[in-house]
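In: One predicted model, sequence on top.
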Amino acid sequence: MTQDLDRAAMAAFLKRAAQRLEECRTELSTLDGEVGDGDHGASMADGFSAAATGFETEGDDLPGALRAAGQRFLSAVGATVGPLYATAFIEAAGRSGPDSIPAPTLIAAFDDGIARRGNAQPGDCTMRDVWLPAARCAASGSMPEVLEAAGAGLEATRTMVAAKGRAARLGSRTLGRIDPGARSALVILEALSNTLGGEGDSA
Amino acid sequence: MQRLFNDPDDIVDETVSGFVRAHADHVTLSPDNPRVVLAKGCGETGRVGIVTGGGSGHEPAFMGYAGERMVDAVAVGELFSSPTAKAFLEAIRAADGGAGVAVLYGNYAGDNMNVKMAARMAAKEGIEVLTVVANDDVCSAPIDERAKRRGVAGEILMWKVGGAKAATGASLTEVQATAQKAIDATRSVGVGLAPCTLPANGKPNFDIPGGKMEVGIGHHGEPGTEVADLESADAVADRMLKIVLDDHDLASGDRVCVLLSGLGATPINELYVVYDRVAKGLEEKGISVHRPFVGNYFTSLEMMGVTLTVMKLDDELEALIDAPASAPGMAVKG
C-alpha cells in the first residue's frame, strides 16, 4: 500500500470517521456497557468530531493540523480514549511530511501513539488488538488486507480476557464479547479505506 | 426509565450549573473551563493546592468535596467518564498558590492517563505536581496486587486528610506522604442490590436479578466477587465488615474512621440500619469508631446498595480527620 494522504484526503478521512462513529454511537456504548461504563460511543463520536473540526480550522501545514486535531481531541474528551487518540494524532503529526503522509505511516503512528500512552500489549483485549495487526499488515499489504487483519484482530478480542481499562475488572466475563475500543478502531480504519477509494464501512 | 433530565448530552453541564448555584457559599465555576469547580480560597498563596476529579454520576463526589480545608479544585468528567486532561490541567493551575499541587484521585485507566498528561503540562509551566492514587476497593484485586485496586469512597477520607494537612502549611511532599498514608490505611467494599442506568443509554449497563445482590461491586457496576441471595441488613453488614477486616491488620484497641455511603437509591434510613450493625460488630472486636460518616457520600447514579469504608487511625490521621472542614458534601466541626 503506497497511498498518501494529503491535507484534503486527511480532512475527508477524519470527517468520514467522525460521521461513522456518530452512526455507531449507540452500538459502541452498548458494547461498552457490557464490559465497562458505557461511555465509549459518546467519547469516540465527540472526540473525532472535535478532531475533524480542529484539523480543518487550524494548522499551517499537515503536521500542524494533525497536532491541532490531537489537541482538540484532548480538550473534548476525557475517559481513556481522550489521551490515547490525542497521542495518536500527535504521533502522526511527528511522522508526517509537510504536505502528505503515507497511509501505512499514519496507521503505524496511531498504533505506536496508543501503545506509548496506554501501555497495552497485544492480547490485552483493547483497541491495540486492531491497530497493531493493521499497522503490521499496512507495511506491505493492501488496504483490503489491512481491513481483514484488523477484522480478525477485532474477532480475536472475543477470546481474550481484558487486562486494561475498566473491563479488566471483569476478568473472564469479557470472554465472548468484542472489545468496544477494538470495534471503534475498525470503524476508523474502514473510514480510512473508504476515503482511499477501497472498501470499508461495514454496517 | 423513570428519571429527570432534558437532553442527555446536557446532563453534566446542567448538573454543574445547578451545583454551583446551590453551593455558591462554597464554590465557583472556573472562568476558564466549565468543567472545573473551584473552592472559595482556591489558589491561596503559599499553601499546597489539592486537586481531584472524576466522572459525574457519583454526586456529591467529586465536586461536593470542594471546600474549606478540603479540595481546592475539581475536574468534572462526563457521566462515569474521566475528565479531560485539559480540565485537570486547569484545576491544577487554579489550585496552585506557588507551593505546588497534590492531585489525589482514584485508580482508573482514564483518570491515570489524563492526570499524568495534565501533570506533565503543568510541570512545563513550572507548577510542581505530585499525585496519590486511591486504591481502597478490596474486592477489585487481591492485596498483593493492591496497585490494581480501584479507588472508591476511601477517596473522601484521603481528601479530608490531604486538605487538612495542606491547611497546616505542610510542604507538597508532606501532603503527598500523608495522603498516601491515609489511603494505605483505608479499605472499602461495596454491595449492589440493583443496577444503574446512564440516561443516554436508556437501560442498565449490567443486571442484578431480583432477590440477588452483588458483593464487591464497583462504583460503575464493575462485577464483584460473588452474586449471592439478598440477605438481611445485618448479614450484609457482617459480610462487608468481614471483607474489610480480613484485608486490614486491625486489632482490638485500634481506632477507626468509618464511612458508610449509599450508592444512590438505597433509603438513607437503611444506611443507618446497616451502620448500627457495623458499629456493633466493630465494638465486639474491641475496635473503636472514632468518627463515623453515614449518608450518600459517594453514589453511582441510582444504583441500589451500600459501600463501607474503614480507615485505621493513628494520632496524625485522627487529628486531620477531626480538623474543621466545610464543603457541600461534608462538614466537620472542630
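Out: Structure received. What you see is a predicted model; the values in this text were computed from it and never measured.
In: what does the helix or strand of chain A with the lowest mean pLDDT rub up against?
Out: Comparing helices and strands within chain A by mean pLDDT, DSSP states H and E singles out helix A:25-35 as the least confident, with a mean of 85. Applying Cβ atoms under 8 Å, 6 or more residues apart in numbering or on different chains, the contact partners of helix A:25-35 are A:21, A:38-42, A:44-45, A:162, A:166-167, A:170, A:173-174, A:177-180, A:183-184, B:198, B:200-201, B:205-206. The way it works is simple: take the backbone N, C-alpha and C, and place the C-beta from them, glycine included.
In: Take these and keep only those in strands.
Out: Taking DSSP state E, every one of the contacts of helix A:25-35 sits outside strands.
In: Which of these are buried? Put it as a ChimeraX command.
Out: What follows is the ChimeraX syntax for the buried subset of those, where burial is set by 16 or more other Cβ atoms under 10 Å in any protein chain shown:
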select /A:21,38,39,40,41,42,44,45,162,166,167,170,173,174,177,178,179,180,183,184 /B:198,200,201,205,206
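In: Below-threshold pLDDT in the chain: ranges please.
Out: Because you didn't say which chain, this covers chain A. By pLDDT under 70, the weakly predicted segments of chain A are A:1-2, A:36, A:165-174, A:198-203.
In: just the strands in it please.
Out: A:4-6, A:100-102.
In: Throw those strands into TSV and include mean neighbour count, thanks.
Out: As requested, those are arranged in TSV below (neighbours: other Cβ atoms under 10 Å in any protein chain shown):
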stretch	mean neighbour count
strand A:4-6	17
strand A:100-102	19
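In: who wins for proximity to chain B among the ones you listed?
Out: Distances from chain B to each of those were compared using Cβ to the nearest Cβ; the shortest belongs to strand A:100-102, at 23.6 Å.
In: Which neighbouring elements make contact with the closest one?
Out: strand A:4-6 (3 or more Cβ pairs under 8 Å, 6 or more residues apart in numbering or on different chains; DSSP states H and E).
In: Pull the distance from the strand it packs on to the chain's centre.
Out: 17 Å (Cα atoms, centre = their mean, to the nearest Å).
In: Give the other helices and strands that it contacts.
Out: Short answer (3+ Cβ pairs under 8 Å, 6+ apart): strand A:4-6 packs on strand A:100-102, helix A:103-118.
In: quick one on the thing from earlier: take the contacts of helix A:25-35 and keep only those in helices.
Out: A:21, A:40-42, A:44-45, A:180, A:183-184 (DSSP state H).
In: For chain B, state which of the residues you listed is nearest.
Out: Minimum separation from chain B among those (Cβ to the nearest Cβ) is found for A:Ala42, which lies at 6.6 Å.
In: Does that closest one touch B:Ala200 like I think?
Out: Yes - checked against Cβ atoms under 8 Å, the pair A:Ala42 and B:Ala200 is within contact range at 6.6 Å.
In: For chain A, see how far away B:Ala141 is.
Out: The spacing between B:Ala141 and chain A, counted by Cβ to the nearest Cβ, to the nearest Å, is 8 Å.
In: got the phi/psi numbers for that residue?
Out: When quoted as degrees, to the nearest 10, the phi and psi of B:Ala141 stand at phi -170, psi 160.
In: residues touching the closest residue in space to it that isn't next to it in sequence, list them.
Out: Nearest residue to B:Ala141 in three dimensions, chain neighbours excluded: B:Lys148, at 3.9 Å (Cβ to Cβ, 6 or more residues apart in numbering or on different chains). For B:Lys148, the contact set (Cβ under 8 Å, 6+ apart) comprises A:168, B:107, B:135, B:140-141.
In: Please name the residues that touch residue 14.
Out: Picked chain A for this. The neighbourhood of A:Leu14, defined by Cβ under 8 Å, 6+ apart, consists of A:48, A:51-52, A:55, A:69.
In: Sorry, I should have been clearer: chain B.
Out: If a contact means Cβ under 8 Å, 6+ apart, then B:Glu14 has B:Asn6 as its contacts.
In: and the helix or strand hosting it, C-alpha only, in PDB?
Out: Under the criterion of DSSP states H and E, B:Glu14 resides in helix B:11-22. Coordinates of each C-alpha in helix B:11-22 appear next as PDB, following Å, rounded to 0.1, in the frame of the first residue of the first chain:
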ATOM      1  CA  ILE B  11     -26.900  16.500  31.900                       C
ATOM      2  CA  VAL B  12     -23.300  17.200  33.200                       C
ATOM      3  CA  ASP B  13     -23.400  20.900  32.200                       C
ATOM      4  CA  GLU B  14     -26.700  21.300  33.900                       C
ATOM      5  CA  THR B  15     -25.600  19.300  37.000                       C
ATOM      6  CA  VAL B  16     -22.500  21.500  37.400                       C
ATOM      7  CA  SER B  17     -24.500  24.700  36.800                       C
ATOM      8  CA  GLY B  18     -27.100  23.800  39.400                       C
ATOM      9  CA  PHE B  19     -24.500  22.600  41.800                       C
ATOM     10  CA  VAL B  20     -22.600  25.900  41.600                       C
ATOM     11  CA  ARG B  21     -25.800  27.900  42.100                       C
ATOM     12  CA  ALA B  22     -26.900  25.800  45.000                       C
END
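In: Many thanks, have a good one.
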